[in-house]
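> Turn this into a model:
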Amino acid sequence: MPAKLRKSRKDKMLAGVCGGIANYLGWDPTIVRIIFIILAINYGFGLIGYFILALVMPD
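Numbering: from 1, shown residues only. Take a look at the predicted model:
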């Protein structure tokens, strides 16, 4: 059964988006958080993308 993309309940800092993506991909949540920070600093997409995913992703 394939994994479902959901917000994380145990690996959450703000909304659990990065923890949920990390669980889905099988990565460390810290790596996903660093990627979001880099995207936020360089392109501004990280903040917009995070808030959109926080609204769209199921709990």
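> and stretch 10-25, which residues are buried?
Going by neighbour count (16 or more other Cβ atoms under 10 Å), the buried part of stretch 10-25 is 11, 15-24. All C-beta spots, glycine's among them, are computed from the backbone N, C-alpha and C.
> Report the distance from that stretch to the chain centre.
5 Å (Cα atoms, centre = their mean, to the nearest Å).
> How about residues contacting that stretch?
3-9, 27-29, 31-33, 36, 50, 53-54, 57, 59 (Cβ atoms under 8 Å, 6 or more residues apart in numbering).
> again, but for stretch 50-59
Residues contacting stretch 50-59 (Cβ under 8 Å, 6+ apart): 5-7, 9, 14-18, 20-21, 36, 40.
> In helices, which of the residues you listed fall?
Members of the contacts of stretch 50-59 lying in helices (criterion: DSSP state H): 17-18, 20-21, 36, 40.
> Farthest pair within those residues?
20 and 40 (17.7 Å; Cβ to Cβ).
> picking up where we left off before, out of the contacts of stretch 50-59, which is nearest to residue 46?
Out of those, the member with the shortest distance to residue 46 (by Cβ to Cβ) is residue 40, at 3.0 Å.
> per-residue pLDDT, the residue nearest to that closest one when sequence neighbours are not counted?
Nearest residue to residue 40 in three dimensions, chain neighbours excluded: residue 46, at 3.0 Å (Cβ to Cβ, 6 or more residues apart in numbering). Residue 46 carries a pLDDT value of 75.
> So, low pLDDT: which residues of this structure?
1-2 (pLDDT under 70).
> Point to the residue nearest the middle of it.
For the chain, residue 18 is the residue whose C-alpha lies nearest the centre (Cα atoms, centre = their mean; 2.1 Å).
> element containing residue 53, please.
If you go by DSSP states H and E, residue 53 is part of helix 45-56.
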